[in-house]
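Trainee: next input, structure requested:
(one chain, ligands or ions: 1)
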Amino acid sequence: MSAKVIDGKAVAARLSEQLADEIRAFTAASGKTPGLATVLVGDDGASEVYVANKRKRASAIGIADHHVHLDGGSSADEIAATISRLADDDAVSGILLQLPLPHGLDAGPLIDLIPANKDVDGLTTLSAGLLARGEPGLRPCTPSGVIELLDAAGIEIAGTRAVVVGRSALVGAPLAQLLTQRNATVTVAHSRTRDLADVTRSADLLVAAAGRPGLITADHVRPGAAVIDVGIHRTPEGLRGDVDEAAVAEVAGWITPVPGGVGPMTIAMLLRNTLLAARLQQGEAI
Ligand code: NAD
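Mentor: Coordinates of the predicted model:
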């Protein structure tokens, strides 16, 4: 068998076009332009590239750019003051604090200064609570990107047996909640799971978000399963995921490539969250 490849780049491009139309309509109706504030602290090379990409993609669909670049030696108080200023600025719909922060800074309390209705990364304690309770709110970008990809590929979620490998607050834990809310029966596997392959082989829907290159082999996959690879690793041969793509493609029914699978969806969901945040600030329900 050869798995169908889910083209995340194409799905993200379609979604961005749709969002551009929705933003035009929103601006025409409200007189407001959605704005995204990206806050970058220090000059970590990878973070600079990620932020530049987010800003470019946002500007391309009509989102106003409110970038702030703070010195790597900034104190927690200085970063907090910037976030509070952006929180009070009506032109700013969404605030994203790029992670990781320079060594010695605790991200959690700073993230929690972002108001829930501007929390476009969906990472504040309040947003996490709203997700846990199944109440409306802004959801973390990578997990919602996975759900969107499954929907775009026409893969059934309700009633399936899903296994999420990884339990981070960024990806694994919120994704397990989103899949449960879509009526999958979800198992979360992690670094202390015994006999991982035995667990993952039960999955109709297998998501790898462990941050371990090539962890998921053909032996971990039930024939015909949908395999979503969240992992990203820079290797001498280029970007690779948590899934041994060539071998798993022989067994799985669907597979996402790395690059070009989940990655592009993460930014598309950030853009969607920025529009949702702008709607929230207009008093609209989302
Ligand atoms: P993390 O290190 O915070 O969490 C990894 C999780 O995997 C942990 O819960 C751990 O228990 C589990 N794990 C580790 N080794 C394991 C093993 N051998 N077997 C089973 N479980 C194991 O990482 P994260 O932030 O959740 O990111 C995971 C991966 O996803 C990374 O490769 C990261 O680069 C990638 N990522 C991609 C995107 C994207 O846009 N595609 C976004 C965020 C993260």
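Trainee: Ser16: what secondary structure?
Mentor: helix (DSSP: H, G, I helix; E, B strand; the rest coil).
Trainee: can you start the count at 41 instead of 1 from here on
Mentor: Understood, numbering begins at 41; the last thing we discussed is Ser56.
Trainee: quick check: it touching Ile101?
Mentor: Yes. Contact criterion Cβ atoms under 8 Å: Ser56 and Ile101 qualify, at 5.6 Å. To be clear about C-beta, it is placed using only N, CA and C from the backbone, and glycine gets the same treatment.
Trainee: what element comes up after whichever strand in the chain runs longest heading to the C-terminus?
Mentor: Scanning the chain for the strand with the most residues, using DSSP state E, yields strand 75-81. Going down the chain from strand 75-81, the next helix or strand is helix 85-100, by DSSP states H and E.
Trainee: residues contacting the residue of the stretch 41-190 of the chain found nearest the ligand?
Mentor: Nearest residue of the stretch 41-190 of the chain to the ligand, counting by Cβ to the nearest ligand atom: Thr182, 4.1 Å away. Thr182 sits next to Leu210, Val211, Leu215, Ala249, Val270, Val302, Met305, Thr306, Met309 when contact means Cβ atoms under 8 Å, 6 or more residues apart in numbering.
Trainee: swap in Asp105?
Mentor: With Cβ under 8 Å, 6+ apart, Asp105 has these contacts: Gly75, Leu76, Thr78, Arg95, Ala98, Ser99.
Trainee: quick one: neighbours of the second one, just the number.
Mentor: By that I understand Leu76. Leu76 has 28 neighbouring residues, counting by other Cβ atoms under 10 Å.
Trainee: one more: Val89?
Mentor: Val89 has 10 neighbours, counted by other Cβ under 10 Å.
Trainee: same question for Asp130.
Mentor: Around Asp130 there are 8 residues (other Cβ under 10 Å).
Trainee: read off the pLDDT value for it.
Mentor: Asp130 is assigned a predicted lDDT (pLDDT) of 98.
Trainee: report the buried residues of the helix or strand containing Ala60.
Mentor: Assessed by DSSP H and E, Ala60 sits inside helix 48-70. Across helix 48-70, burial judged by 16 or more other Cβ atoms under 10 Å covers Gly48, Val51, Ala52, Leu55, Ser56, Leu59, Ala60, Glu62, Ile63, Phe66.
Trainee: same question for stretch 135-144.
Mentor: In stretch 135-144, counting by 16+ other Cβ under 10 Å, buried: Ile135, Leu136, Leu137, Gln138, Leu141, Pro142.
Trainee: tell me the phi and psi of the third one?
Mentor: Taking degrees, to the nearest 10, you get phi -100, psi 110 for the backbone angles of Leu137.
Trainee: got a list of what it touches?
Mentor: Going by Cβ under 8 Å, 6+ apart, the list of residues near Leu137 reads Val79, Val81, Ile119, Ile123, Ala147, Leu150, Ile151, Ile154, Asp161.
Trainee: the last one now?
Mentor: By Cβ under 8 Å, 6+ apart, the residues touching Pro142 are Val81, Gly82, Asp84, Gly112, Gly113.
Trainee: ok now do the first one, which residues does it touch?
Mentor: Right, the one you point to is Val81. By Cβ under 8 Å, 6+ apart, the neighbours of Val81 are Leu110, Asp111, Gly112, Ser114, Ile119, Leu137, Gln138, Leu141, Pro142, Leu145.
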